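[1] Have a look at this prediction, sequence included:
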Amino acid sequence: WQDRRVMLALEQLVSMTGVMVGLGVQSDIYAQYITVLPPPSPVPYQLRPGAIRPVTRCGIGWALLSQRLRRRVNAKEEDRTLHVSAATLGGQIAAVRRLGYAFSRHTWQPGVGIIAMALPRPIGGRWCAIGAAGDVPSLDAAEASIAGHLRAVTQGLDIP
């Protein structure tokens with residue numbers, strides 16, 4: 001995960017957006033954050049490298065997800081209120097495909113969201129996604145700009 005191009009892209013994204021940026025990979029039924037770069041200004045939440053979230057309940061996961069994993073995630077989730085229906089996940093995945101990025105709001109922590117996009121090719125043999133995290137009102141206001149920056153940095157990584 002020490003690919004210098006990816007680190008430069010993440011640093012560029014922090015500079016362009018002013019929000020926390022993370023790189024995540026699929027790890028079984030989870031999205032695992034491999035690298036997290038803090039924003040220039042302090043924020044009231046933290047995300048650390050190594051943190052995991054079920055792929056069905058986070059923007060990085062939605063950016064990486066394939067439909068067949070939903071059943072596996074739900075089967076391992078003891079709290080049935082956290083199970084994600086096929087219709088809900090299908091709607092989220094359809095939105096990701098339509099927009100080209102995922103936008104999760106309040107799924108990790110109330111008031112916090114992430115706009116995430118899958119990288120165009122595997123890094124180190126694994127599919128990855130990067131995301132820009134922040135408070136939901138700020139992300140809502142800057143959604144188009146952040147999505148444009150994500151597209152720019154991910155397209156810059158689409159080299160053999």
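    Structure received.
[2] what residues are up against the residue positioned nearest the centre of the chain?
    Geometric centre of the chain, nearest residue: Ile60, 2.3 Å, by C-alpha atoms, centre = their mean. Contacts for Ile60 were tallied using C-beta atoms under 8 Å, 6 or more residues apart in numbering; they are 22, 24, 31, 33, 53, 102, 114, 116, 129, 131. Every C-beta, even on glycine, is put in place using the N, C-alpha and C of the backbone.
[3] Which pLDDT value goes with it?
    Per-residue confidence at Ile60 stands at 88 (pLDDT).
[4] Check which helix or strand it maps to.
    Assigned by DSSP states H and E, Ile60 falls within helix 59-64.
[5] List the buried residues in that helix.
    For helix 59-64, the neighbour count (16 or more other C-beta atoms under 10 Å) marks 59-64 as buried.
[6] Could you do stretch 48-57 as well?
    51, 53-57.
[7] What's the end-to-end length of it?
    17 Å (C-alpha to C-alpha, to the nearest Å).
[8] hmm, who's touching it?
    With C-beta under 8 Å, 6+ apart as the test, stretch 48-57 has contacts from 26-27, 29-36, 60-62, 64-65, 69-70, 73-74, 77, 82, 84, 89, 104, 107-108.
[9] what do you get for stretch 84-103?
    Contacts to stretch 84-103, defined as C-beta under 8 Å, 6+ apart, come from residues 56-57, 59-60, 62-63, 65, 67, 70, 73-74, 113-117, 129, 131, 139, 143, 147, 150-151.
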